[in-house]
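Colleague: Okay, sequence plus prediction incoming.
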Amino acid sequence: MGRFINPFTDYGFKFLFGREVEKELLIDFLNDLLVGEHVITDIQFLNNEQLPEVKTERGIIYDIYCVTDTGERIIVEMQNREQPYFKDRALFYLSRAITQQAKKGIWDFQLDAVYGVFFMNFVMNKDIPAKIRTDVVLADRDTGKVFNGKFRQIFIELPNFNKEEDECSTDFERWIYILKHMDTLDRMPFKARKAVFERLEKMASKANMTQEERAQYEEEWKFYNDYFNTLDFAQKKGLEEGRKKGLEEGRKEGKEEGMLEARIETARKLKELGVATEAIASATGFSPDEIESL
């Protein structure tokens, strides 16, 4: 393990961004994410323990669920491995954050805006050009103008971010670089540019964690590491078994193809010798029409 904690573990991500006592880190990140749109001065963390509506879901649905000082509800989630129907899943959770705002009695349906920020350590759409950030809003199809600003999804695909340290030109890019490489860094970059990165260095350093925090993190990191190593092993084993099966099927197909060629050659020779079509059909299994076409 390196000097800094791995932000892709559930404990590591929440340790950095999901604690009331250190909420300045999340405020700074969200302001760099939404630069030119909002200036968040404070956030309040909401209850993350949302009861699942489907039995297959885990008890904890959101990695971080907070509300800004101007009323926007923001869900920040980290996903390390590709999931089927991920876009539908993200839509489902944000929709729940909207419906949970319903009030009893007379209500005029005025809603707080709901934002979803999804860090993904995988590529969501492999059949479209690589893109680091995808911003989804409710907009008019013809004009492109925002129809309702109360719903927004921001997908950040980390594998598509390939800039080196000296190529990062915005604070948002600097955040993404650090998060992508944090567990392999020997030092925290960009400290001279922005004080928050010096604060992040202290927060992310395992040497500054309490004994209890370090033990909890390392226990989860071991589970995280073992889990994904198991997935990698299963994937490699599956690929190897698939390769062997493919070779066996290929040999089988090759054998069958060879037998077919032998039957065709036999039928042709019998035909050249003047053997009756019915006899050739009986010997080779071809129909009379197939024999005539040889």
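Modeller: Here it is on my side, so go on. Because the structure is a prediction, the values reported are computed rather than measured. Residues are numbered from 1 along each chain as shown.
Colleague: Report how many residues lie close to the closest residue in space to I43 that isn't next to it in sequence.
Modeller: Sequence neighbours aside, C66 is the residue nearest to I43 in space, at 4.5 Å (criterion: C-beta to C-beta, 6 or more residues apart in numbering). Heads up, the C-betas are built off the backbone N, CA and C, glycines and all. By the criterion of other C-beta atoms under 10 Å, C66 has 24 neighbours.
Colleague: For C66, list the residues it contacts.
Modeller: K23, L26, I43, Q44, F45, L46, R73, I74, V76 (C-beta atoms under 8 Å, 6 or more residues apart in numbering).
Colleague: repeat that with 7 Å
Modeller: I43, Q44, F45, L46, I74 (C-beta atoms under 7 Å, 6 or more residues apart in numbering).
Colleague: Mind giving me the PyMOL select for these, buried ones only?
Modeller: Per 16 or more other C-beta atoms under 10 Å, the buried members of these correspond to this PyMOL selection:
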select buried, resi 43+45+46+74
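Colleague: Okay, and which of the contacts of C66 map to strands?
Modeller: Cross-referencing the contacts of C66 against strands under DSSP state E gives I43, Q44, F45, I74.
Colleague: Quick one: the helices in the stretch 151-294 of the chain, in order.
Modeller: Using DSSP state H, counting those that start in this stretch, the helices of the stretch 151-294 of the chain run over residues 171-181, 195-204, 211-272, 277-284, 288-293.
Colleague: Actually, the stretch 1-150 of the chain.
Modeller: Counting by DSSP H, counting those that start in this stretch, the stretch 1-150 of the chain has helices at residues 10-17, 23-33, 86-99.
Colleague: could the ones you listed be laid out in TSV, adding mean pLDDT, mean neighbour count and distance to F119?
Modeller: Shown next, in TSV, are the helices of the stretch 1-150 of the chain (pLDDT from 0 to 100; neighbours: other C-beta atoms under 10 Å; distance: least, C-beta to C-beta, whole Å):
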stretch	mean pLDDT	mean neighbour count	distance to F119
helix 10-17	89	20	8
helix 23-33	93	19	11
helix 86-99	91	16	12
